[in-house]
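[1] Mind folding the following:
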Amino acid sequence: RFVYGLIYGFLLSMIVYNSMLFIGLRDRSYLYYSAYLALFALLNITYSGHGFAWLWPNNPALQNHCILLFMVLFGCSGLAFTSSFLSLPKYAPKSQSLLQALCILALCSLALSLLLNAQIAEALTAFAFGLAASIGMLILGIIALKHRHVAGHYYLAATFFGMLGTLITTLTVWGLLPFNGWSYGAVKIGIILQAILLALGLSFKVRQQQKDRLQAERMAERDPLTGLHNRRGFHVQASTIWNTAVRNQRPL
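    Numbering: from 1, shown residues only. This next block holds a predicted model:
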């Protein structure tokens, strides 16, 4: 209970923190990241059995559907965050369109499986989409690092740890690795490391954007040949002095 409380508390604090940053900065990366963490928390609550014990103890069929549904929604939120964080609509519109098509296909397949009550198809859809989303995020991270994205190294490292934790837990559940607390809980450790690295990546990205904006403003106020202030730079420097002189009725 202590470990789960620690994990859920950490996730909740990260969700609130990134939601407040989205409200203040209006950067959708923070919104998608908050949704990504929230859906992981819901997925964890569901597959760990806490949802069944606390929320729907008399409906075991709902338990199976919720796990698969949250798996797909978790993957969609991860791809949405990837698109925003790596600025895919601007730098890789084809990749953006491919991710959108993948999410729509997965959601439609899941809805059709639910309508037909085909749980095997539902499970295959969820696991196949989860695998495709994880591989896609890793490939996009490698491409971003190759093109020297401003925070590509943070994103790639975060994706790697998330995939590694998920892989270890999956192999443990399948019986291919020895079952113990560390191997079964590797997905939680991987996601926590991923959350920390992505939070650092978002902060680094915002700082770099602010630095680039200040540099662009500075360059717009100076002559590129001499480095002296141009007319715009002069007005920026002189307006404060002029307004002070006028306000205090002093000669300038």
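
[2] all helices for this protein, in order.
    Here the chain has its helices, by DSSP state H, at 2-25, 28-47, 50-54, 60-85, 88-91, 93-116, 119-146, 152-173, 181-184, 186-220, 231-248.

[3] which stretch in those helices has the least confidence?
    Sorting the helices of the chain by mean pLDDT places helix 50-54 lowest, at a mean of 74.

[4] can you give me how far that helix is from the chain middle?
    27 Å (CA atoms, centre = their mean, to the nearest Å).

[5] Just the buried positions in it, please.
    51-52 (16 or more other CB atoms under 10 Å). Where C-beta positions appear, they are placed from N, C-alpha and C, glycine not excepted.

[6] T46 and T172, how far apart?
    Distance, T46 to T172, using CB to CB, to the nearest Å: 18 Å.

[7] who's more crowded, those two?
    The neighbour count for T46 versus T172, taken as other CB atoms under 10 Å, is higher for T46 (23 against 19).

[8] and that one, what does it touch?
    By CB atoms under 8 Å, 6 or more residues apart in numbering, the contact list for T46 reads 52, 63, 66-67, 70.

[9] okay if I get those as TSV plus distance to I15?
    As requested, those are exported to TSV (distance: CB to CB, whole Å):
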residue	distance to I15
F52	23
Q63	24
C66	19
I67	21
F70	15
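
[10] Of all pairs in those residues, which one is the farthest apart?
    Spatial extent of those (CB to CB) is set by the pair F52 and F70 at 13.0 Å.

[11] Run the chain-centre distance for stretch 10-29.
    Offset of stretch 10-29 from its chain centre (CA atoms, centre = their mean): 11 Å.

[12] and if you look at stretch 30-38?
    6 Å.

[13] Can you give the contact residues for that stretch?
    Outside stretch 30-38, the residues that reach it (CB under 8 Å, 6+ apart) are 11, 14-15, 18-19, 21-22, 74, 77-78, 80-81, 83-85, 195, 198-199, 202.

[14] So what's the residue count around L62?
    Neighbourhood size, L62 [other CB under 10 Å]: 15.
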